[in-house]
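Novice: Any chance you can model this:
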Amino acid sequence: MVKKHLKTLTVPVSWPIKRKGQTFVTRPLPSKAYSLSLPISIIFKDILKYCKTSNEVKTILRDKEVLVDGKRKKDMRSLVGFMDVLTIPLSGEEYRVLISKTKKLELVPITKEEADVKVCKIISKTKLKKGKMQLNLFDSRNIIVKEDKYAVDDSVLIKIPSQEIKDSFKMEKGSHALLISGTHTGEHGVIENITKDAVTIKAKESTFETTKKAVFVVGKEKPSIKMID
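Specialist: Numbers count the residues shown, from 1 in each chain. This next block holds a predicted model:
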C-alpha cells in the first residue's frame, strides 16, 4: 500500500519548504518528475500561504476553481510542473512555475495574455501512419503534427489547453535558452555554439558549456515568456 505522505527530509531540494518544524508532507500523485514539480497542497500552504491545513486546501479545490494549464484540478496531490500555468480565477492570479538560480522552484506572476501559452521541449518523436508525427514533450503531453519539421531538443510554444502550436524555437546558435539542471540551473542566455554533446551558453554574468539535456530553449533571440531575473 502506497503511503499518503512523504518525509520532509526526503523531498526534492527544489521544493521551497521548511524542512524543520514538520515531519511529513503530502505525497504527490505520480504524474510528473517530483524534482521539477510542486503539489498543489505545498503551493497553497507553503508558498502562497493561503491555507494552514490540508483540509483548507481541499475546501478551496472543491468549492472554487483552480486551473493548471487551463484544466481544473480537484486533488491537492496534483502536481504543477515546470513551465505549467497555475490560474486562480477567484483572485485573478496567474503564475508560471520556473526554477531559480538557487535551484528552487518559484511561482512567477504573469499576465492573462501570457497565461494562455506555454513552452514545451520536444524530448522524442514517434512516427505514425499516413506520414504524421507525434511530438513527445517534456511535460508528458503528446501532440500529433502533419509535417515533420520539428527536431528533438527544439521547443514549441503552445496554446493551452487546446495544444495548438503557435510558434517553435530551434536549439541553434542565437536562440535563447534556460538551464534546468546542473551547476548553472536557473541561468538563461543566448546559445553561442552546439556540438554533438554540449551547448555553449552566454548568460548575463558568464559564458559556460553544459549538456543538451540541461538546456530548455525558450525563445528565438529573446525569451518568449517572463523569466526570473
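Novice: Using PDB, write out the CA atom coordinates for stretch 123-136.
Specialist: Taking Å, rounded to 0.1, in the frame of the first residue of the first chain, the C-alpha atoms of stretch 123-136 are listed here in PDB:
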ATOM      1  CA  ILE A 123      12.200  15.100 -25.900                       C
ATOM      2  CA  SER A 124      11.400  12.500 -28.600                       C
ATOM      3  CA  LYS A 125       9.300  11.800 -31.700                       C
ATOM      4  CA  THR A 126       7.100   8.900 -32.800                       C
ATOM      5  CA  LYS A 127       6.400   8.300 -36.500                       C
ATOM      6  CA  LEU A 128       2.700   7.500 -37.200                       C
ATOM      7  CA  LYS A 129       0.700   6.300 -40.200                       C
ATOM      8  CA  LYS A 130       0.000   8.500 -43.200                       C
ATOM      9  CA  GLY A 131       3.100  10.500 -42.700                       C
ATOM     10  CA  LYS A 132       2.100  12.000 -39.400                       C
ATOM     11  CA  MET A 133       4.400  12.600 -36.500                       C
ATOM     12  CA  GLN A 134       3.800  12.600 -32.700                       C
ATOM     13  CA  LEU A 135       5.800  15.000 -30.700                       C
ATOM     14  CA  ASN A 136       6.500  13.700 -27.200                       C
END
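Novice: Quick check: buried residues in it?
Specialist: The neighbour-count check on stretch 123-136 (16 or more other CB atoms under 10 Å) flags Lys125, Met133, Leu135 as buried. (C-beta placed from N, C-alpha, C; glycine too.)
Novice: and whichever strand or helix holds the first one, what does it pack onto?
Specialist: To tie it back to what came earlier, the one meant is Lys125. Using DSSP states H and E, the element containing Lys125 is strand 117-127. Judged by 3 or more CB pairs under 8 Å, 6 or more residues apart in numbering; DSSP states H and E, the packing partners of strand 117-127 are strand 133-137, strand 155-159, strand 215-219.
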